[in-house]
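Visitor: Okay, structure incoming, though there's no sequence with it:
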Ligand SMILES: Cc1cc2nc3c(=O)[nH]c(=O)nc-3n(C[C@H](O)[C@H](O)[C@H](O)COP(=O)(O)OP(=O)(O)OC[C@H]3O[C@@H](n4cnc5c(N)ncnc54)[C@H](O)[C@@H]3O)c2cc1C
């Protein structure tokens, strides 16, 4: 019988034999009675500061012997394996006369195109930005001297917004089968198999830049085509159905378009409004990126074990409820041992974000600290309602650009100066060299800076040992999620245009690498 055993405690230096011994102890059996041991999940338990942190494993194993007494939650019969996602209802040959088109080569578009290609259709993947090597060079130039290519940058290009990221693969979704398929695809393209079992998997920008082109090549090998430096300009809609798309001046006939353009492509939202596609404004969140020395985070989380190399750089998640006039505030997209980066996709607008390399070994950790905002915060009577959230973002991004010296340097302030509303100096040691001292209150809406002033000191106090004097804030974090939702039927199709499948983060139903990738896969499955 196949058994699942949870809560197996292992030292940080465990080996295969230790796992076998632990299973034998649990089942009171000999190694010979065990076969096909598979580690399903691995997390670090560092809750007891006086004890060395340990791994907690969940495993499955074929056990030959008298069925043991089951203990719910600890020792159970293994559930039946979930069916692979594909192979259920996917036709082997395409059932549309014209090739399906996928717009955007971020996680959603890549996985949509791969799913189509694996089903025997020959998708055409269109991406406005460049292939990874060219894009990497463009992004380096941007960070070094502020030269922005508005079509290929930190937010646009092969791999999408997450190429220069921490590559955190966390997701709230319980859709384990699709998550597994996505992770197995990444592993097949060169990611570490650890992502299949780690409770907080991550890849890192350096590895992503290696993996994403392999993933794109798989689409090619299966008969798909990819066009880079090619921008969707228009869609052609006749009688409520999609009939074609215009890409860099050329019309392509198609009845099915998977629109995975992310939430930075504001021109796409405008084009959709003009084409009669239904959109609505949705809540999102804005704030700052906060950076503190990584060793403070490690010590807060791991105590005296902080220097153990197996543990790597620690992360945190902090939240603060609303209090008086201060709104809720939460940390988001923590990048341990990472870098604060400047991002832009249009002239004169600047936003912040964070990234890390696979080793996560830089001396600072950073995270966004965000305050929720909703359509009630940006009512603009007489204006196009769905786009008002974007106007709200733009106002902050324009102010950030100007305060940063109008060359994509990031306006920044020490937390202690921000709390006083002062313009002080910046510490020489920080992850982002092109930062300019600024009064961040001039960039953020009053209720956002008020909330951050009230919440940040209390939140940082939860990280035992973190020094307020060492924290640096960078502004403004404006693009943590989409400010717009493209309305869809349950089948994933736009409610107003048949054959148009808005998916990924830009559609407003996903946020993050994993959920966007899953949304791309799911939209294609619903299409079949
Ligand atoms: C710096 C940074 C760090 C991040 N870190 C993480 C992280 O660690 N973990 C995590 O889960 N998430 C992270 N995110 C968020 C994550 O990257 C996004 O949620 C995810 O990439 C969204 O995927 P997507 O495919 O829907 O859209 P995107 O990744 O935005 O991809 C959209 C693609 O469409 C292309 N496009 C846009 N308009 C057009 C057009 N008109 N024609 C052709 N192509 C077009 C764009 O160039 C882009 O490549 C990070 C984001 C950033 C910016």
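Guide: Yep, that arrived. Every value quoted in this text rests on a predicted model; they were computed, and no experiment measured them.
Visitor: by contact count, what packs against the helix or strand residue 272 falls within?
Guide: Using DSSP states H and E, the element containing residue 272 is helix 266-274. Under the contact definition 3 or more Cβ pairs under 8 Å, 6 or more residues apart in numbering; DSSP states H and E, helix 266-274 sits against strand 232-238, strand 279-281. Backbone N, C-alpha and C define where each C-beta goes, glycine included.
Visitor: With mean neighbour count, distance to residue 326 and mean pLDDT added, can I get those in CSV?
Guide: Compiled in CSV, the helices and strands packed on helix 266-274 are given as follows (neighbours: other Cβ atoms under 10 Å; distance: least, Cβ to Cβ, whole Å; pLDDT from 0 to 100):
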stretch, mean neighbour count, distance to residue 326, mean pLDDT
strand 232-238, 17, 41, 97
strand 279-281, 19, 24, 93
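Visitor: can I get those strands in a markdown table with distance to the ligand?
Guide: Below are those laid out as a markdown table (distance: least, Cβ to the nearest ligand atom, whole Å):
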| stretch | distance to the ligand |
| --- | --- |
| strand 232-238 | 4 |
| strand 279-281 | 15 |
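Visitor: Dump those into JSON lines; add distance to residue 409 as well.
Guide: Compiled in JSON lines, those are given as follows (distance: least, Cβ to Cβ, whole Å):
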{"stretch": "strand 232-238", "distance to residue 409": "32"}
{"stretch": "strand 279-281", "distance to residue 409": "31"}
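Visitor: Of all the ones you listed, which one comes closest to residue 46?
Guide: Residue 46 lies closest to strand 279-281 among the helices and strands packed on helix 266-274, at 41.2 Å (Cβ to Cβ).
Visitor: Can you give the domain ranges for the chain?
Guide: Taking automatic domain parsing as the criterion, the chain consists of the domains 2-77, 101-281+484-527, 284-375+390-477.
Visitor: related to what we said a few turns ago, residue 295: which of the helices and strands packed on helix 266-274 is closest?
Guide: strand 279-281 (41.9 Å).
Visitor: where exactly do the helices run in the stretch 401-528 of the chain?
Guide: For the stretch 401-528 of the chain, the helices defined by DSSP state H, counting those that start in this stretch occupy 415-420, 446-461, 513-527.
Visitor: And the chain, by the same measure?
Guide: With DSSP state H as the definition, the chain shows helices at residue ranges 16-27, 107-118, 132-145, 176-188, 205-221, 266-274, 294-302, 388-403, 415-420, 446-461, 513-527.
Visitor: Just name the most buried of those.
Guide: helix 107-118 (a mean of 29; mean count of other Cβ atoms under 10 Å).
Visitor: can you give me the angle that helix makes with helix 205-221?
Guide: In this structure, helix 107-118 runs at an angle of 30 degrees to helix 205-221, with axes from the mean of the first three to the mean of the last three Cα atoms, to 10 degrees as the basis.
Visitor: If we ignore the residues flanking it in sequence, what's nearest the residue in the stretch 201-350 of the chain that the ligand sits nearest to?
Guide: In the stretch 201-350 of the chain, the residue found nearest to the ligand is residue 262; the distance is 2.1 Å by Cβ to the nearest ligand atom. Leaving aside its chain neighbours, residue 262 sits nearest to residue 506 (4.6 Å; criterion: Cβ to Cβ, 6 or more residues apart in numbering).
Visitor: which ones are touching that neighbour?
Guide: Shown in contact with residue 506 (Cβ atoms under 8 Å, 6 or more residues apart in numbering): 104, 108, 259-263, 265, 268-269, 482, 484, 486.
Visitor: for the helices of the chain, which one sits closest to residue 340?
Guide: Ranking these by proximity to residue 340 (Cβ to Cβ) places helix 132-145 first, at 10.9 Å.
Visitor: helices or strands up against that closest one?
Guide: Using 3+ Cβ pairs under 8 Å, 6+ apart as the contact criterion, the elements in contact with helix 132-145 are helix 205-221, strand 339-343.
Visitor: Now that the residue of the stretch 201-350 of the chain closest to the ligand has come up, it's in contact with residue 504, right?
Guide: Yes. Under the criterion of Cβ atoms under 8 Å, residue 262 makes contact with residue 504 at 6.5 Å.
Visitor: what do the two both touch?
Guide: Listed contacts common to residue 262 and residue 504 are 104, 106, 108; contacts here mean Cβ under 8 Å, 6+ apart.
Visitor: mind putting the residues you listed in a markdown table, distance to residue 32 and pLDDT included?
Guide: As requested, those are arranged in a markdown table below (distance: Cβ to Cβ, whole Å; pLDDT from 0 to 100):
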| residue | distance to residue 32 | pLDDT |
| --- | --- | --- |
| 104 | 53 | 98 |
| 106 | 49 | 98 |
| 108 | 47 | 98 |
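Visitor: and the ligand, which of the residues you listed reach it?
Guide: With Cβ under 6 Å from any ligand atom as the criterion, the members of the shared contacts of residue 262 and residue 504 in contact with the ligand are 104, 106, 108.
Visitor: could the helices of the stretch 401-528 of the chain be laid out in TSV, adding distance to residue 470 and mean pLDDT?
Guide: TSV is the format used below for these (distance: least, Cβ to Cβ, whole Å; pLDDT from 0 to 100):
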stretch	distance to residue 470	mean pLDDT
helix 415-420	8	97
helix 446-461	10	97
helix 513-527	30	93
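Visitor: Of all these, which one is nearest residue 129?
Guide: Counting by Cβ to Cβ, residue 129 lies closest to helix 513-527 out of the helices of the stretch 401-528 of the chain; the figure is 16.3 Å.
Visitor: Now do the closest one against helix 107-118: the angle between them, please.
Guide: 40 degrees.
Visitor: does any bit of helix 513-527 sit next to the ligand?
Guide: Yes. When contact is scored as Cβ under 6 Å from any ligand atom, part of helix 513-527 falls within range of the ligand: 513, 514, 516.
Visitor: now that helix, how far from the centre of its chain.
Guide: Its chain's average C-alpha position is 14 Å from that of helix 513-527, according to Cα atoms, centre = their mean, to the nearest Å.
Visitor: again, but for stretch 135-148
Guide: On the basis of Cα atoms, centre = their mean, stretch 135-148 sits 22 Å off its chain's mean C-alpha point.
Visitor: Name all residues that make contact with the closest residue to residue 441 other than its chain neighbours.
Guide: In this structure, residue 441 finds its nearest non-sequential neighbour in residue 449, 4.7 Å apart by Cβ to Cβ, 6+ apart. Residues in contact with residue 449 (Cβ under 8 Å, 6+ apart) are 418, 440, 441.
Visitor: which one of those residues is nearest residue 465?
Guide: Proximity to residue 465 was ranked across these by Cβ to Cβ; first place goes to residue 418, at 20.6 Å.
Visitor: Looks like the closest one contacts residue 474 (just checking).
Guide: No. Applying Cβ under 8 Å, one finds residue 418 not in contact with residue 474, separated by 10.7 Å.
Visitor: could the contacts of residue 449 go into CSV alongside distance to the ligand?
Guide: As requested, the contacts of residue 449 are exported to CSV (distance: Cβ to the nearest ligand atom, whole Å):
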residue, distance to the ligand
418, 22
440, 20
441, 25
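Visitor: Spit out the contact partners of residue 378.
Guide: When the contact criterion is Cβ under 8 Å, 6+ apart, the partners of residue 378 are 281, 388, 389, 391, 392.
Visitor: what's the answer for residue 470, then?
Guide: Taking Cβ under 8 Å, 6+ apart as the contact definition, residue 470 lies against 292, 293, 296, 427.
Visitor: Now do it against the ligand, distance only.
Guide: 23 Å (Cβ to the nearest ligand atom, to the nearest Å).
Visitor: Could you do residue 176 as well?
Guide: 17 Å.
Visitor: and what of residue 522?
Guide: Distance check for residue 522 against the ligand: by Cβ to the nearest ligand atom, it reads 12 Å.
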